[in-house]
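Participant: here's a sequence, model it:
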Amino acid sequence: MKVGDTLPPLEIPVTRTLIVAGAIASRDYQDVHHDAALAQEKGSPDIFMNILTTNGLVGRYITDHLGPRAVLRKVAIRLGAPNYPGDTMTLTGTVTAVSGTAVAGTVVEIRVVGANGIGHHVTGTVTAEVPA
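Facilitator: Prediction:
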């Protein structure tokens, strides 16, 4: 792995089930993540994904590529356009830094973007360690 390498994209269908299940799993009971009528009362066209679900999907994207022994050391993300049901989020990644040795393991930094039909849902960087 070297700076400039790209990870294969991962397309994630954004379903109501994914949004609600992610909110429940992360104990985020805000109504905007499970009740369409209340979300609309608050100005949103529909329910939308919470940041903890997004964070988990970004982590999955990185570990799917680096392997099950990879350890996420830092995940720094920022949300943008909401993920609404019926859309697809496509995660992409670019290696921005690599350090370490074959004996000690490799530390890699990856710039991640998750885009949907209305823009960038998530942007950020993930630093992960891959043991030797």
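
Participant: which strands border the lengthiest strand in the chain, and is each parallel or antiparallel?
Facilitator: Counting residues, the longest strand in the chain under DSSP state E turns out to be strand 88-101. Strand 88-101 has the following strand partners under DSSP bridges: strand 6-13 (antiparallel), strand 105-116 (antiparallel).

Participant: got the CA coordinates for the longest one in CSV?
Facilitator: As requested, the backbone C-alpha atoms of strand 105-116 are provided in CSV (Å, rounded to 0.1, in the frame of the first residue of the first chain):
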residue,chain,number,x,y,z
GLY,A,105,3.3,-3.2,11.3
THR,A,106,2.0,-0.5,9.1
VAL,A,107,0.1,2.7,10.0
VAL,A,108,-2.0,4.0,7.2
GLU,A,109,-4.1,7.2,6.9
ILE,A,110,-7.0,7.1,4.4
ARG,A,111,-9.1,10.1,3.3
VAL,A,112,-12.7,8.9,3.1
VAL,A,113,-15.7,10.4,1.3
GLY,A,114,-19.2,9.1,1.4
ALA,A,115,-21.4,10.6,-1.3
ASN,A,116,-25.1,10.3,-1.9
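
Participant: for whichever helix or strand comes after that strand, buried residues please.
Facilitator: Heading C-terminal from strand 105-116, the first helix or strand you meet, by DSSP states H and E, is strand 119-130. For strand 119-130, the neighbour count (16 or more other Cβ atoms under 10 Å) marks 121-122, 124-130 as buried. (C-beta placed from N, C-alpha, C; glycine too.)

Participant: the lengthiest helix in the chain: what's the following helix or strand?
Facilitator: Assignment by DSSP state H gives helix 51-66 as the longest helix of the chain. Downstream of helix 51-66, the first helix or strand assigned by DSSP H and E is strand 71-79.
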